[in-house]
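K.L.:
model the structure of this input:
(2 chains)
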Number of protein chains: 2
Amino acid sequence: MKLIDKRIRNSKLKEKIMSTEEASNLIKDGMVVATSGFTPAGYPKAIPLALAKRVKKNKEKLQISLLTGASVGEELDGALTEAGIIARRYPYQTNKLLRNNINSGGIAYADIHLSHFAQQVRYGFFGEIDLAIIEAIAIDEEGNIIPSTSVGVSPTFVDSAKSIIIEINNSQPLELEGIHDIYQPKDPPNRYPIPLIKPGDRIGTPYIPTDPKKIRAIVITDSNDQASPLAPIDKNSEKIASYLVDFLKNKVEHNGLPQNLLPLQSGVGSVANAVLAGLLDSPFESLDFYSEVIQDSVLDLIDRGKIRIASGTSLTFSKEGQQRFINNLEEYKRKIILRPQEISNNPEIIRRLGSIAMNTAIEVDIYGNVNSTNIMGSKMMNGIGGSGDFTRNAYLSIFVTPSIAKNGDISCVVPMVSHVDHTEHDVQVIVTEQGLADLRGLSPRERAETIINNCTHPEYKSKLKNYYQRALGKGGHIPHLIKEALSWHKKFLETGSMK
Amino acid sequence: MKLIDKRIRNSKLKEKIMSTEEASNLIKDGMVVATSGFTPAGYPKAIPLALAKRVKKNKEKLQISLLTGASVGEELDGALTEAGIIARRYPYQTNKLLRNNINSGGIAYADIHLSHFAQQVRYGFFGEIDLAIIEAIAIDEEGNIIPSTSVGVSPTFVDSAKSIIIEINNSQPLELEGIHDIYQPKDPPNRYPIPLIKPGDRIGTPYIPTDPKKIRAIVITDSNDQASPLAPIDKNSEKIASYLVDFLKNKVEHNGLPQNLLPLQSGVGSVANAVLAGLLDSPFESLDFYSEVIQDSVLDLIDRGKIRIASGTSLTFSKEGQQRFINNLEEYKRKIILRPQEISNNPEIIRRLGSIAMNTAIEVDIYGNVNSTNIMGSKMMNGIGGSGDFTRNAYLSIFVTPSIAKNGDISCVVPMVSHVDHTEHDVQVIVTEQGLADLRGLSPRERAETIINNCTHPEYKSKLKNYYQRALGKGGHIPHLIKEALSWHKKFLETGSMK
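P.N.:
Residues are numbered from 1 along each chain as shown, chains lettered A, B, ... in the order given. Presented below is the predicted three-dimensional model:
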């Protein structure tokens, strides 16, 4: 069989093949365009690059709303931002140039809980989707799309869009087929329980059900997902991981937490990766991983026989991880499932499974509120992503952060966070390289003492104690000096340091 | 049949009957005591009064942790606080004296999402429950408890407690039997989907499954639930209700919201009650009400034939409402179901049903964050209650508040809220008597313009515009002047007015 027949198994659809330039002409000014992609994995690459090139060259006026699963690669967010094509952007991003444009007000961005986004699209909160652009490894006999390294919101985009363009990416291995499990709930008032009971359950189809009549164009490409470089694990991350593992060991010994814990969720990034690495030498076995993103550390845990199933919505590997995954794909496929983010992050499932949710904070305050998005209350970093989906419904919700940033000019524990993404009602455990604060069942005053004593950097500890002591004098359930509550941020903005 | 045989149908258990004074002796210093009750409905009354009396009289040193469903009546929270008996209190309260003690730091209080509380008790986050005190209308042949006017967390307390005391309340009508539907999910990793698909589904038992061996005492009492007085509906609440009804009408006409809407949730209190009253003359029919608390307005809507089913966890009526309900109990029982708060507020169910959640705010900010608990960032009002359970999982999450408070000395729309209970990611619609702000899909800057233009009081509008314009000059995704963000609260604390 010719490669093309393996990749496009419906012969009529082969007539839809066209050049990327032609396909990119289908994108018009004012459109709502929705693409596959979740982290730099499984996003369309060729068409956005062709579009950006043409728009720049011809100085066209062309602006779109761009909806994706989450962040995507440079070829999409970077190239389109640079060409001035993005007017509105949902629900998450991590791109430097895009971020700058968001912060200057040039691009309208709303960051949205990732589990909510698909249904909000279907509810019509963002208007009609004109065009869906989906990266695929293949199209099956009936015209259904078999996605590549992520699922994200693609099933909903494919369903809701007026037209679909498919990028068949030959560099994505055909052997990915069978790793996906696509399930889309109906919407209220016709929604039923999601029949997923265990992290490894398969409840859907291995393809995205697709109406082939809506497929307007197919483009053949051959270009790798951007890799996600991982910083080497530093001393502080190791300390955080070790406090966390000790805490979990203790809960197994004394509080009835099962020997193999409960399904783990871990945020994206280097600290989160280090925390998972900390499980490599832990006593825990037969772990389940029910999360968003599958990073290199999950491959390590699978190789070490620690994880029995890993469920997520995207494969987000380093260059080395990508190669390692491909070299042993058939083996990894038995332990990895990719689902729509509406299912990987679903509150119904998270609460049913009783996740142990581990996410990173930008800053925390002495009462347990967490800022994970806006630096100094204003400057968007990435977005809330799935952290709220898991935190809000987990058995245990944990936040990790180094106690200081910017060489000590920023204390990551402050009197009052400058932006709240996770409230005092939702944050149960905070871990820094200084120690762990278990906040469950504590009143705000008890939380403040625990956090200040266990989690703050020595450089800032007496300052925080001083703030808290003086705030106590004012009384209240959550004692604050409203005049000074944000003074640490003010000082940083004025002097470059909170010291 | 004698009344006592109808109320205690297991003859062996009659041996457990004792005086309230004797029963109150079972409560010892240092105990974790958990009681029935949700709002001033279905809480034990006689034993706490007897305990408080004795402790005060004898100047005993006796302090307990008190866990309930939510707020309870004066006879429990008020009397025990006055006698100095409460050391720790979870998960919600509305009592004036208790609140004062919380704010002075005398009582350790943590307010907790009401849907999470039962499972956190089972997870052991609050230690072992020594004693459960449950108000009941009867005990059945097997020794199971039939609760009274609320369910709250009672099923979990009955399961988890080492011993149980039952207050059989003869003033609670026996005809309540059959109104309850008691379902308790298993805990992870053995939890299954909750089989509730429609608001009217019955999925459990009409009694609380009880191990009769744990019943240590039964007390016979005869005293009404404290009534919840409702303020007459004022002009501002009427305006809020009318903006809201118009908005919903529009969504039915143009956005595919079903003609009978989606299941409604409404917070407690006078504004919430007024909003429901606004539905009386609306065109909507066959409404479902899936909420926490069933107030007088629900009876009005049932009488008018507007509501086909009302599901909640407590009956919270005014004195007049109590009488009205009892006079027509058999009729109302066909349309009302009382469930554990773990089910009435469950995120799995709320998201499945796609609720329209309507809750009240203390203050909102120009970016859509909501404070519903702590006045001026510090002083606890009541607690978050179930507002987060519904807001976080609803089809539509709506907050209502008058635009000003304290005769205009407080603007309820501020540059930055002084405490966050519901984040910008979760709040979709804000309504004041000035107008409605539909925030769905808007960037923070767009939200600020919409909220300032539509929702603020004329007295504060230009001040807010001025703040926002100057903040824009600083840039950022969420423009703020960090130095001034809380200056309105500071001014109020110093001068008694934000003007």
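
K.L.:
need the contact list for the residue of the stretch 251-400 of chain A found nearest chain B.
P.N.:
Nearest residue of the stretch 251-400 of chain A to chain B: A:G354, at 2.6 Å (CB to the nearest CB). No exception for glycine: its C-beta is placed from N, CA and C like everyone else's. Counting by CB atoms under 8 Å, 6 or more residues apart in numbering or on different chains, A:G354 makes contact with A:L262, A:P263, A:A394, A:Y395, B:D187, B:P188, B:P189, B:R191.

K.L.:
which one of those residues is nearest B:E424?
P.N.:
Lowest distance from B:E424 to the contacts of A:G354 (CB to CB) belongs to A:A394, with 21.4 Å.

K.L.:
assign the residue lying closest to that closest one once chain neighbours are set aside to helix, strand or coil.
P.N.:
Counting by CB to CB, 6 or more residues apart in numbering or on different chains, A:A394 lies nearest to A:A357, which is 3.8 Å off, once chain neighbours are set aside. Put simply, A:A357 is strand when judged by DSSP: H, G, I helix; E, B strand; the rest coil.

K.L.:
doesn't A:Q265 make contact with A:A357?
P.N.:
Yes. Proximity of A:A357 to A:Q265 meets the contact threshold set by CB atoms under 8 Å, at 4.6 Å.

K.L.:
quick check: neighbours shared by the two?
P.N.:
By CB under 8 Å, 6+ apart, the residues touching both A:A357 and A:Q265 are A:I350, A:F390, A:A394.

K.L.:
quick check: the first one vs B:A471, distance?
P.N.:
Pointing back at A:I350 there. Per CB to CB, to the nearest Å, A:I350 is found 36 Å from B:A471.

K.L.:
how about A:D29?
P.N.:
Look at A:D29 and B:A471: by CB to CB, they are 31 Å apart.

K.L.:
more neighbours, the two?
P.N.:
The residue with more neighbours, out of A:D29 and B:A471, is B:A471; 23 against 12, by other CB atoms under 10 Å in any protein chain shown.

K.L.:
please name the residues that touch that one.
P.N.:
B:P415, B:P479, B:H480, B:L481.

K.L.:
which residues does the residue in the stretch 1-150 of chain A that chain B sits nearest to form beta bridges with?
P.N.:
Taking CB to the nearest CB, chain B has its nearest neighbour within the stretch 1-150 of chain A at A:A108, 3.8 Å off. In this entry, A:A108 is beta-bridged to A:R88, by DSSP bridges.

K.L.:
for it, what are its contacts?
P.N.:
A:A87, A:R88, A:R89, B:L442, B:S443, B:R445, B:E446.

K.L.:
OK, contacts around the fourth one?
P.N.:
If a contact means CB under 8 Å, 6+ apart, then B:L442 has A:A108, A:A110, B:T450 as its contacts.

K.L.:
sec struct for it, please.
P.N.:
coil.

K.L.:
count of residues packed around A:G106?
P.N.:
14.

K.L.:
that older thread, can you add pLDDT and give the contacts of B:L442 back as CSV?
P.N.:
As requested, these are exported to CSV (pLDDT from 0 to 100):
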residue, pLDDT
A:A108, 98
A:A110, 97
B:T450, 98
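
K.L.:
export those as TSV, with columns for distance to A:S378.
P.N.:
Shown next, in TSV, are the contacts of B:L442 (distance: CB to CB, whole Å):
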residue	distance to A:S378
A:A108	16
A:A110	15
B:T450	19
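
K.L.:
and which of those is nearest to B:G127?
P.N.:
Nearest to B:G127 among the contacts of B:L442, with distances taken as CB to CB, is A:A110, at 41.6 Å.

K.L.:
OK, contacts around A:P283?
P.N.:
A:K249.

K.L.:
name the SS class of it, please.
P.N.:
With three-state DSSP as the basis, A:P283 sits in coil.

K.L.:
that one and A:N260: what is the separation?
P.N.:
In terms of CB to CB, A:P283 sits 10 Å off from A:N260.

K.L.:
burial check on A:G496, number of neighbours?
P.N.:
Going by other CB under 10 Å, the residues that sit close to A:G496 add up to 11.

K.L.:
tally of neighbours for the closest residue in space to it that isn't next to it in sequence?
P.N.:
Leaving aside its chain neighbours, A:G496 sits nearest to A:D409 (6.2 Å; criterion: CB to CB, 6+ apart). Residues contacting A:D409 under the criterion other CB under 10 Å number 15.

K.L.:
touching, A:D409 and A:F492? I think so.
P.N.:
Yes. Between A:D409 and A:F492 there is a contact under CB under 8 Å: 6.9 Å.

K.L.:
how about the residues of the stretch 251-400 of chain A near chain B?
P.N.:
The stretch 251-400 of chain A comes close to chain B at residues A:255-256, A:258, A:262-263, A:347-348, A:351-354, A:369, A:374, A:376-380, A:384, A:388, A:392-393, A:395, as judged by CB under 8 Å from any CB of the partner chain.

K.L.:
could you list which of the residues you listed belong to helices?
P.N.:
A:P347, A:E348, A:R351, A:R352, A:L353, A:G388 (DSSP state H).

K.L.:
now those as JSON lines including pLDDT and neighbour count?
P.N.:
Formatted as JSON lines, those follow (pLDDT from 0 to 100; neighbours: other CB atoms under 10 Å in any protein chain shown):
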{"residue": "A:P347", "pLDDT": "97", "neighbour count": "23"}
{"residue": "A:E348", "pLDDT": "98", "neighbour count": "25"}
{"residue": "A:R351", "pLDDT": "98", "neighbour count": "23"}
{"residue": "A:R352", "pLDDT": "98", "neighbour count": "26"}
{"residue": "A:L353", "pLDDT": "98", "neighbour count": "25"}
{"residue": "A:G388", "pLDDT": "98", "neighbour count": "29"}
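
K.L.:
contact partners of the helix or strand harbouring A:E446?
P.N.:
Using DSSP states H and E, A:E446 maps to helix A:444-455. Outside helix A:444-455, the residues within contact range by CB under 8 Å, 6+ apart are A:364, A:366-368, A:403, A:413, A:424, A:430-432, A:434-439, A:442, A:461, A:464-465, A:468, A:472, A:477-479, B:105, B:108, B:110.

K.L.:
before we move on, what about stretch A:137-146?
P.N.:
A:6-10, A:13, A:134, A:136, A:147-148, A:154, A:158, A:164, A:166, A:168-169, A:172-174, A:176-177, A:180, A:205-212, A:215, A:218.

K.L.:
in ChimeraX, how would I select just the buried ones from these?
P.N.:
To isolate the buried members of these in ChimeraX, using 16 or more other CB atoms under 10 Å in any protein chain shown:
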select /A:7,8,9,13,134,136,147,148,154,158,164,166,168,169,172,176,177,180,205,206,207,208,210,212,215,218
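
K.L.:
in helices only, show me the contacts of stretch A:137-146.
P.N.:
A:K6, A:R7, A:S154, A:V158.

K.L.:
so how many other residues sit close to the single nearest residue of the stretch 51-200 of chain A relative to chain B?
P.N.:
Nearest residue of the stretch 51-200 of chain A to chain B (CB to the nearest CB) works out as A:P188 at 2.6 Å. Other residues lying near A:P188 total 21 when counted by other CB under 10 Å.

K.L.:
check contacts around it.
P.N.:
So A:P188 contacts B:L262, B:R352, B:L353, B:G354, B:Y395 (CB under 8 Å, 6+ apart).

K.L.:
let me know the closest of these to A:I240.
P.N.:
Looking across those and measuring by CB to CB, the closest to A:I240 is B:R352, at 36.5 Å.

K.L.:
the closest one and A:N346 touch, don't they?
P.N.:
No. The criterion here is CB under 8 Å, and B:R352 misses it with A:N346 at 10.6 Å.
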